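[1] sequence first, predicted model second:
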Amino acid sequence: MDISIVILSVLISAGTAAAGYIIWLQARQAADNAAAKVAATGGVSRRRPGAAVAPQPFPDRATSIRCEARACEAVKTLARRRFLVSEGGIPRLPLADCDTPGCGCVYVKHNDRRRHGDDRREIGGMSQLRREHAGEPDRRSGRERRGADLVL
């Protein structure tokens, strides 16, 4: 093998390693600067009032607690609740008054605060619930108001 090919391979490898080190060093400095900025502001956002905020992909994310059969009574009272992530107030596990050794309770993440089948946005879903709750009869006649629109 020719010596110039070996030297060229070594130079390419060294250049690639140097470029990788420079990129890593810049990323590390950027992370350090961001951490220093957060520490300097005490974690308070310096965002201008009225500035646009990027929308969250799941604004109604929620967390619930899944507990084992031998779980303590304190966590069983919270097992059916969903806690909105945006509101905070999610209890830390294990709970302070947990009396079960080796507590096996865990958090369960949900993209929406509603349970499956609890979506009231269905057609007439909320108005039907309101009428049923108030004890009002359904006064709709059953025919379309815009009957002429349905004729082809």
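    Cool, the structure landed. Residues are numbered from 1 along each chain as shown.
[2] could you pull out the helices in the protein for me?
    3-41, 73-76, 125-134, 147-150 (DSSP state H).
[3] contacting residues for residue 111?
    The contact partners of residue 111, by C-beta atoms under 8 Å, 6 or more residues apart in numbering, come to 58, 60, 61. C-betas here are computed from N, CA, C, even on glycine.
[4] pLDDT score for the second one?
    Read it as residue 60. Looking at residue 60, its pLDDT stands at 77.
[5] what of residue 144?
    At residue 144, pLDDT is 66.
[6] again with residue 14
    94.
[7] and it, how many neighbours does it have?
    10 (other C-beta atoms under 10 Å).
[8] if I look at it, how far off is residue 3?
    Residue 14 sits 16 Å away from residue 3, going by C-beta to C-beta, to the nearest Å.
[9] what do you get for residue 99?
    For residue 99 relative to residue 3 (C-beta to C-beta), the value is 76 Å.
[10] try residue 111
    Distance, residue 111 to residue 3, by C-beta to C-beta: 61 Å.
[11] check residue 10 too.
    Taken as C-beta to C-beta, the span from residue 10 to residue 3 is 11 Å.
[12] more crowded one of those two?
    Counted by other C-beta under 10 Å, residue 10 and residue 3 do not tie: residue 10 has more neighbours, with 10 against 7.
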